[in-house]
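Visitor: below are the sequence and a predicted model for it; my questions follow.
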Amino acid sequence: MSTDADATARAEQQRLQLELLRRARAGATRRSPAAPADRAPTPGRPPLSRAQRRMWLMERLGGAGDSYHVPFATRVRGPFDPAALATALHALVARHTILRTWYGEEDGEPFQEVLPAPAAVAVPVVEADATEAPALLREAAARPFDLTAGEAVRARVLRHAEQDHTVLLTFHHIAIDGGSLDTVADELAALYTAATDGSEAPFSDTPPQYAGSATRSAMSCLV
């Protein structure tokens with residue numbers, strides 16, 4: 001249950017983040033000349049969108065905490081196959097480049113670069129009583145992401161009984177938002193079904209990739 005102290009702490013965290021962002025922008029303005037309007041992105045390293053830049057900066061400053069974490073937890077009662085979930089997650093990450101993108105800095109400017117699809121996506125399973133689940137889920141969801149390693153999604157399964165599990169997926173907001181979460185959830189469900197029954201992946205089209213829209217967003221700021 002949320003308390004007045006919790007609300008005050010959240011408000012203070014948001015105030016701190018805004019102040020850090022203001023100071024960082026002011027410092028960058030003092031240190032760096034304005035980029036020329038015709039500067040093109042480095043091939044293979046698209047610039048970040050405005051929203052991505054904000055999140056990247058807050059992560060660099062260490063003031064974001066878990067504010068940009070997007071956890072999604074669901075209780076699964078009945079047959080459940082963690083290995084099939086790992087297969088489905090691997091297919092999802094291979095399908096969406098934004099879920100395997102790392103973020104770096106060059107000449108003072110952040111960039112993003114797509115990594116090859118990983119060999120596998122880990123889905124650790126932890127034995128846990130249902131009463132322990134809330135604390136374990138909060139701890140797992142709050143664990144920091146390493147954006148320099150291309151980590152944008154991770155999974156954890158709590159096994160309460162043979163046919164009783166809680167599945168937690170945690171995304172970083174730099175790679176996903178509320179609207180795309182619905183799409184990802186639908187695709188993951190379809191990929192999990194395909195993995196459990198051994199059928200082909202249900203998608204033949206290539207989804208839009210985020211880096212392209214990020215480039216358009218960044219370049220539009222220079223017009």
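Guide: In hand now; what should we look at? Numbering: from 1, shown residues only.

Visitor: the bottom helix or strand of this structure by mean pLDDT?
Guide: helix 210-220 (a mean of 40; mean pLDDT, DSSP states H and E).

Visitor: per-residue confidence for Ser199?
Guide: Predicted confidence (pLDDT) for Ser199: 86.

Visitor: just give the number of residues close to it.
Guide: Counted with other CB atoms under 10 Å, the neighbours of Ser199 add up to 10. From N, CA and C alone the C-beta is placed, and that goes for glycine too.

Visitor: that one - that's part of a helix, no?
Guide: No: with DSSP: H, G, I helix; E, B strand; the rest coil as the criterion, Ser199 is located in coil rather than a helix.

Visitor: next up, the contacts around it.
Guide: Thr193 (CB atoms under 8 Å, 6 or more residues apart in numbering).

Visitor: distance check, it against Leu92.
Guide: 16 Å (CB to CB, to the nearest Å).

Visitor: Glu151 now?
Guide: 14 Å.

Visitor: okay, the two: which has more neighbours?
Guide: Neighbour count, other CB under 10 Å: between Glu151 and Leu92, Leu92 has more, with 20 against 16.

Visitor: now do the SS call for Tyr103.
Guide: strand.

Visitor: so who does it touch?
Guide: By CB under 8 Å, 6+ apart, the contact set of Tyr103 is Leu48, Gln52, Trp56, Pro110, Phe111, Gln112, Leu147, Thr148, Ile174.

Visitor: you'd agree the fifth one is up against Gly104?
Guide: Right, the one you point to is Phe111. Yes: Phe111 is within contact range of Gly104, at 5.9 Å (criterion: CB atoms under 8 Å).

Visitor: pick out whichever of these two has more residues nearby.
Guide: Applying other CB under 10 Å to Phe111 and Gly104 shows that Phe111 carries more neighbours, namely 18 against 13.
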